[in-house]
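Q: output the structure for:
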Amino acid sequence: MRLLIQRILRGAVTVEGKLVGKVNKGIHILLGVTHGDTEADIEHMINRVLALNLWEKGNSTMNQKTWDTNLVQNGYDIMVVSQFTLYGYLKGNKPDFHKALEHEQAKDLYIKFVEVLQAKYAKDKVQTGAFGEYMNVELENDGPVTLIIESAPKSAVEPAEVKKSVEDTKD
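A: Residues are numbered from 1 along each chain as shown. Predicted structure coming up:
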């Protein structure tokens, strides 16, 4: 499981011109899932997200490196958007997404991620995009602060065709 987390001032997701999610200050999470990801990964990643100290106390500035508070302490919002391309890699000049989990399995883990996040934090503070849809994602970065967080590597459980595809790109 791979999360790309951005600290934001605001964010919104639309599908075919219709607003499907909107947040104020907080974080924007792009969520990618891969072969072997489990509910244990979900729990681990959510605990890390909720504990991330990405904000300063009081009048501190980012340059003072005072990463003192997290979104829970501040009551900030979270936008979660599915992003299978986080598991893309280049095969020559063409992107290959075989490392991303298949649609239905990925959707199940995405939904579970959102449900657990809402239960552990606050349902009204967590918004989402639309899984599997072409989305327009709008956000205003704060900082900018961007982090990538990954669960434990799953190379031992990758399907043979993924391993072969990766080996083919080494030529």
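
Q: wasn't residue 20 part of a strand?
A: Yes. Counting by DSSP: H, G, I helix; E, B strand; the rest coil, residue 20 is located in a strand.

Q: distance of it from residue 116?
A: 20 Å (C-beta to C-beta, to the nearest Å). Any C-beta I mention is one placed from the backbone N, CA and C, and that applies to glycine too.

Q: how many residues are close by residue 23?
A: 23 (other C-beta atoms under 10 Å).

Q: now do residue 71
A: Counted with other C-beta under 10 Å, residue 71 comes out at 22.

Q: check which element follows the lengthiest helix in the chain along the chain.
A: As assigned by DSSP state H, the longest helix anywhere in the chain is helix 103-120. Next along the chain after helix 103-120, taking DSSP states H and E as the criterion, comes strand 126-128.

Q: which helices and strands sit right next to that following strand?
A: strand 18-23, strand 77-82, helix 103-120 (3 or more C-beta pairs under 8 Å, 6 or more residues apart in numbering; DSSP states H and E).

Q: for the ones you listed, which one ends up most surrounded?
A: strand 77-82 (a mean of 24; mean count of other C-beta atoms under 10 Å).

Q: angle of it against helix 103-120?
A: Counting by axes from the mean of the first three to the mean of the last three C-alpha atoms, to 10 degrees, strand 77-82 lies at 170 degrees to helix 103-120.

Q: so what strands line up beside strand 77-82?
A: strand 26-32 (parallel), strand 126-128 (parallel) (DSSP bridges).

Q: show me the contact partners of the shortest one.
A: Going back to what we said before, that points to strand 126-128. 13, 20-23, 77-81, 114, 117-118 (C-beta atoms under 8 Å, 6 or more residues apart in numbering).

Q: so which bits of the helix or strand following that strand are buried?
A: Proceeding N to C from strand 126-128, the next assigned helix or strand is strand 136-150, under DSSP H and E. Neighbour-count burial for strand 136-150, with 16 or more other C-beta atoms under 10 Å as criterion, is recorded at 139, 142, 145.
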